[in-house]
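A.B. asks: missing the sequence, but the structure's below:
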């Protein structure tokens, strides 16, 4: 049987924040699922690190697990923190910078 979810234990209660560590001056990612239409990844960013402005072919949902980041969507700036979620629409430029150490679960859905 082929599983679609990887890099995570099945049938076990977990805390997503514990699945990815912080590394000084780095952006770390861990893919949880990757199909032609869905991508789910965990990210941790050290303070001051970022993901440069880019465009994706799918809608992207950021669920903030820890810390705080500044997310720019089409020249609009949003400050998001642990417990908050924001949607970045497809084909619209977006990027982010960690204000403090920052973890997120990123889900991208392509049509």
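C.D. replies: Done, it's in. None of the values given here were measured: they were computed from a predicted structure.
A.B. asks: what about residue 66, neighbour count?
C.D. replies: 17 (other CB atoms under 10 Å). Every C-beta, even on glycine, is put in place using the N, C-alpha and C of the backbone.
A.B. asks: need the contact list for it.
C.D. replies: 17, 44, 82, 101, 102, 103 (CB atoms under 8 Å, 6 or more residues apart in numbering).
A.B. asks: So what does it look like in phi/psi?
C.D. replies: Torsion angles at residue 66 (phi, psi; degrees, to the nearest 10) stand at phi -160, psi 150.
A.B. asks: Leaving out chain neighbours, which residue sits closest to it?
C.D. replies: Leaving aside its sequence neighbours, residue 66 sits nearest to residue 103 (CB to CB, 6 or more residues apart in numbering; 4.1 Å).
A.B. asks: three-state assignment of the one you found?
C.D. replies: Judged by DSSP: H, G, I helix; E, B strand; the rest coil, the three-state class of residue 103 is strand.
A.B. asks: Might one say that it is in contact with residue 42?
C.D. replies: Yes: counting by CB atoms under 8 Å, residue 103 does reach residue 42; the two are 7.0 Å apart.
A.B. asks: ok, the residue nearest to residue 66 - contacts?
C.D. replies: 16, 17, 20, 22, 42, 43, 44, 45, 64, 65, 66, 67.
A.B. asks: Might you report the residue contacts of residue 38?
C.D. replies: 107, 108, 109, 110.
A.B. asks: So of the contacts of residue 66, which two are at opposite extremes in space?
C.D. replies: 44 and 82 (12.7 Å; CB to CB).
A.B. asks: Pick out whichever of those two has more residues nearby.
C.D. replies: Taking other CB under 10 Å, residue 44 and residue 82 do not tie; residue 44 has more neighbours (24 against 15).
A.B. asks: right, and the more buried one touches residue 21 too?
C.D. replies: Yes: proximity of residue 44 to residue 21 meets the contact threshold set by CB under 8 Å, at 6.5 Å.
A.B. asks: which residues are common contacts for these two?
C.D. replies: Common neighbours of residue 44 and residue 21 (CB under 8 Å, 6+ apart) are residue 28.
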